[in-house]
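[1] sharing a model that was predicted from the sequence below.
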Amino acid sequence: MTGARFAAVDVYYPETGGARAACVLACDIRYQHVVAEHVATLADVAPYRPGEFFARELPALRVVLAEAGAVDLLVVDGYVDLDPGGRPGLGAHAYQEFAVPVIGVAKTAFRSATHAVPVCRGQATRPLFVTAAGITRAEAAELVKHMAGRYRLPDALRRVDTLARGSRSRVTLLQS
């Protein structure tokens, strides 16, 4: 995909309230070449409601992705769908909202997400759990497996987590 832009996003909720959303953009599907970083802060967010996590996250993602501009693929920290029947998670709502393929990368197993593809990276024995919309789960799992970084969590997801939490430290992106 020449000229394609790939985004990874995350949202953090400081104890003081509000939300901070972060986005890293890459020009390659492995996220080896990060070309931009964006952070957006929201003063007010919806309260947490079980089963409606997307209602809290989507407004923050809208703001940070508006800063980032058009993207061709979105990687979210979490699940696209929450069960084999397709109960929508954050990623499914993002897929509808932004009309681009979405890959969900979850760090913990969700009991009903038995369809998620486990992916082990680097020397990790604990898998990540991959779901997708707009591409197959198998394709998404392969992309996650080969994303830049030597650790369990790909560098792009580590970086957006760091940015969302407000830390200025850099994650070293490794070329391979």
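    Structure received. Note that the structure is predicted; figures quoted are calculated from it, not measured. Numbers count the residues shown, from 1 in each chain.
[2] from residue 105, how far off is residue 160?
    Noted for residue 160: a distance of 11 Å to residue 105, by Cβ to Cβ, to the nearest Å. For glycine as for every other residue, the C-beta is placed from the backbone atoms N, C-alpha and C.
[3] residues shared between the contacts of the two?
    By Cβ atoms under 8 Å, 6 or more residues apart in numbering, residue 160 and residue 105 have these common neighbours: residue 77.
[4] off-centre distance for the helix or strand residue 160 falls within?
    Using DSSP states H and E, residue 160 sits within helix 155-164. Remark: helix 155-164 is offset 9 Å from the chain centroid, using Cα atoms, centre = their mean, to the nearest Å.
[5] would you mind pulling up the elements that that helix packs against?
    Counting by 3 or more Cβ pairs under 8 Å, 6 or more residues apart in numbering; DSSP states H and E, the packing neighbours recorded for helix 155-164 are strand 6-12, strand 19-26, strand 34-42, strand 73-77.
[6] save those strands as CSV, and put in distance to residue 131 and mean pLDDT too.
    Formatted as CSV, those follow (distance: least, Cβ to Cβ, whole Å; pLDDT from 0 to 100):
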stretch, distance to residue 131, mean pLDDT
strand 6-12, 15, 96
strand 19-26, 20, 96
strand 34-42, 24, 94
strand 73-77, 10, 97
